[in-house]
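> Build me a model:
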Amino acid sequence: MRLATSRVLAPVDDAPVWSIVCFFVARAHRGRGLMRRLIEGAVAHARRAGARLVEAYPVEPRAAVVPPVFAWTGLVSAFRKTRFTEVARRSPSRPIMRRRIRR
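This next block holds a predicted model:
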């Protein structure tokens with residue numbers, strides 16, 4: 001419901017989407033590509049459940065190093081590497097990204 005009323009992350013259209021909204025990766029496991037694996041796992045789960053679109057709301061950092069506290073929604077680079085594309089951007093650092101699921 002919060003996404004539906006968000007000024008920045010409100011729905012792009014009426015298409016039904018599954019949303020990836022946050023991640024938690026323990027400090028000891030960061031920097032190993034785990035976020036991409038988590039994204040792929042979420043997409044696989046959505047596919048098995050019949051989803052056609054998966055949407056995400058990552059951050060595109062302005063600096064080279066992002067403090068973990070600001071990366072909990074995921075990074076744009078990880079979503080691009082997993083075949084998500086930007087479909088809207090209402091804030092300089094928060095695009096809305098989607099991936100179409102083929103069965």
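> Pick out the residue nearest the middle of the protein.
When C-alpha atoms, centre = their mean is applied to the chain, the residue found nearest the centroid is residue 56 (2.8 Å).
> The closest residue to that residue other than its chain neighbours: what's it in contact with?
Counting by C-beta to C-beta, 6 or more residues apart in numbering, the nearest residue to residue 56 once its immediate chain neighbours are dropped is residue 20, at 4.3 Å. Every C-beta, even on glycine, is put in place using the N, C-alpha and C of the backbone. By C-beta atoms under 8 Å, 6 or more residues apart in numbering, the contact set of residue 20 is 39, 42, 54, 55, 56, 57, 74.
> thinking again about what came up before, if the residue nearest to the centre of the chain is in a bridge, with which residues?
For residue 56, the beta-bridge partners are residue 20, residue 97 (DSSP bridges).
> Surely it touches residue 78?
No: contact criterion C-beta atoms under 8 Å: residue 56 and residue 78 do not qualify, at 9.2 Å.
> Could you find the closest non-adjacent residue to residue 38?
Of all residues beyond its chain neighbours, the one nearest residue 38 is residue 23 (5.9 Å), with distances taken as C-beta to C-beta, 6+ apart.
> and that neighbour, what does it touch?
Counted by C-beta under 8 Å, 6+ apart, residue 23 has contacts 35, 38, 71, 72, 73, 74.
> Let's see that with 10 Å instead.
34, 35, 38, 39, 42, 58, 71, 72, 73, 74, 75, 78 (C-beta atoms under 10 Å, 6 or more residues apart in numbering).
> ok, now residue 39?
Residues near residue 39 by C-beta under 10 Å, 6+ apart: 20, 23, 54, 56, 58, 74, 78-79, 81-84, 99.
> On the three-state scheme, residue 69 is what?
The assignment at residue 69 comes out as helix when based on DSSP: H, G, I helix; E, B strand; the rest coil.
> Tell me how far it lies from residue 27.
Counting by C-beta to C-beta, to the nearest Å, the gap from residue 69 to residue 27 is 12 Å.
> What of residue 49?
Counting by C-beta to C-beta - residue 49 and residue 27 are separated by 31 Å.
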